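Trainee: Generate a structure from the sequence data that follows.
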Amino acid sequence: MTSLGFACRAFLAVVLLIAAAGKAHRPDAISRTIRNIGIPRAFVQTVVWLLITWEATLGTLFALGRAPLATTVAAFLLLALFAGVSIYVAWLRRVIPCNCFGTSETPLGSHTLTQAVLLMLPVGGYYLAIRSTHSIWWPTTLDTVVPSLSLVIAAILFSRWLFAIRFIGALVLKRRQEEKTV
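Mentor: Below you'll find the predicted structure:
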């Protein structure tokens, strides 16, 4: 269970730090998204930097293994917020680019809801690990570093594949249709 906790923690650290860096690099993109959601213009920049700070702080806390219970609760609340916004925008039937990791044309809605829900799985895995082991583990020998980091890399690649599955499916369908016409 300690390896699972480490893998979930490292995965979430990477995802959250990449998201925060992407937003910090292109704050204008996430500002447009937040403004289009309906946040008043006077509060947009505050919300943008609060979001970036929240993600960066969580990413750092996951990386360091500090305040595990508070970090887990804060991560779950962040993902619940993202899920709620995705549901709200889908309910409005509006097309608003997510800009979740900086600049992106992926619209808020079912895809971003799926991402938020899938990211809740490692948060839950980390919570279960800290509840069952009562310790924060970091690999200390090469025998544990390599498999642990391999597990983290596999989780990142698998999640990227899951997030892109609709796009992959559309490409496969288009290719099959093209083969039929040829």
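Trainee: just the strands in this structure please.
Mentor: Counting by DSSP state E, the chain has no strands at all.
Trainee: I'd like to know how many residues surround Ala154.
Mentor: The number of residues packed near Ala154 is 12, by other Cβ atoms under 10 Å. All C-beta atoms are positioned from the backbone trio N, CA, C, and that covers glycine.
Trainee: Could you check how far it is from Ala19?
Mentor: For Ala154, the distance to Ala19 equals 20 Å [Cβ to Cβ, to the nearest Å].
Trainee: Kindly report the same for Gly38.
Mentor: In terms of Cβ to Cβ, Gly38 sits 21 Å off from Ala19.
Trainee: Which secondary structure element of the protein has the lowest mean pLDDT?
Mentor: helix 142-163 (a mean of 70; mean pLDDT, DSSP states H and E).
Trainee: if we can go back for a sec, Gly38 and Ala19: who's more crowded?
Mentor: For the pair Gly38 and Ala19, the greater number of neighbours falls to Ala19 (22 against 12), based on other Cβ under 10 Å.
Trainee: dump the residue contacts of that one.
Mentor: Glu55, Gly59, Cys100, Phe101 (Cβ atoms under 8 Å, 6 or more residues apart in numbering).
Trainee: What count of nearby residues applies to the last one?
Mentor: Here the count is done by other Cβ under 10 Å, and Phe101 has 18 residues near it.
Trainee: Next up, the contacts around it.
Mentor: Ile18, Ala19, Gly22, Lys23.
Trainee: nearest to Gly125, of the contacts of Ala19?
Mentor: Gly59 (16.7 Å; Cβ to Cβ).
Trainee: which stretches of this protein have low pLDDT?
Mentor: 1-2, 102-105, 134-145, 148, 155, 159-160, 162-167 (pLDDT under 70).
Trainee: so how far is Ile153 from the residue lying closest to Ile168 once chain neighbours are set aside?
Mentor: Excluding its sequence neighbours, the residue lying closest to Ile168 (Cβ to Cβ, 6 or more residues apart in numbering) is Trp161, at 7.8 Å. Separation of Trp161 from Ile153 (Cβ to Cβ): 13 Å.
Trainee: Could you do Leu61 as well?
Mentor: Leu61 is 21 Å from Ile153, by Cβ to Cβ.
Trainee: So for those two, which residue has more residues nearby?
Mentor: Set Leu61 next to Ile153 and count neighbours by other Cβ under 10 Å: Leu61 wins out with 21 against 14.
Trainee: Contact partners for that one?
Mentor: Leu61 neighbours (Cβ under 8 Å, 6+ apart): Ala67, Ala70, Thr71, Ala74.
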